[in-house]
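Asks: what would the 3D arrangement of this be:
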Amino acid sequence: VVKTAVGGEAGLTVIAAEGPFAVVVSDMRMPGMNGAQFLTIVRERHPDSVRLLLTGYAEVDAAIAAVNQGGLFRFLTKPCDPAT
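Replies: Sure thing, here's the model as predicted:
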């Protein structure tokens, strides 16, 4: 089952109501909070969820922050190669 939400706060609400989920995928640029901030909160609340971050902007600092703060499994740039 795939659940979606528009923005970090909405995503946290869905996870609280229907999660935890095995995998959480986030975009880097979202309303309210960025993907690194969102996945950091997900990590704190649900450390066993695998976290993936997608971005169309391959900024090195953003990638480093996301990996370090969110404990990411993968940081992927868009468009994403399906084999990745």
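Asks: burial count for Gly8?
Replies: 21 (other CB atoms under 10 Å). (Each C-beta comes from the backbone N, C-alpha and C, glycine too.)
Asks: and the pLDDT at Phe75?
Replies: If you check Phe75, the pLDDT there is 74.
Asks: helix, strand or coil: sort out it for me.
Replies: Secondary structure of Phe75, reduced to three states by DSSP: H, G, I helix; E, B strand; the rest coil: strand.
Asks: partners of it in the sheet?
Replies: Here Phe75 shows beta-bridge partners Leu53, assigned using DSSP bridges.
Asks: now the residue nearest to the spatial centre of the chain. Nearest residue, chain neighbours left out?
Replies: Centroid-nearest residue in the chain: Ser26, 3.2 Å away (criterion: CA atoms, centre = their mean). In space, and not counting its chain neighbours, Ser26 is closest to Gly35: 4.0 Å by CB to CB, 6 or more residues apart in numbering.
Asks: so which helix or strand takes in the residue nearest to the centre of the chain?
Replies: Element membership for Ser26, per DSSP states H and E: strand 23-27.
Asks: okay, the angle between the next helix or strand after that strand and strand 23-27?
Replies: Going down the chain from strand 23-27, the next helix or strand is helix 35-45, by DSSP H and E. With axes from the mean of the first three to the mean of the last three CA atoms, to 10 degrees applied, the angle from helix 35-45 to strand 23-27 works out at 160 degrees.
Asks: packing partners of helix 35-45?
Replies: For helix 35-45, the packing partners by 3 or more CB pairs under 8 Å, 6 or more residues apart in numbering; DSSP states H and E come out as helix 8-18, strand 23-27, strand 50-55, helix 60-70.
Asks: helices and strands around the shortest one, which ones?
Replies: Strand 23-27 makes packing contacts with helix 8-18, helix 35-45, strand 50-55 when contacts are defined by 3+ CB pairs under 8 Å, 6+ apart.
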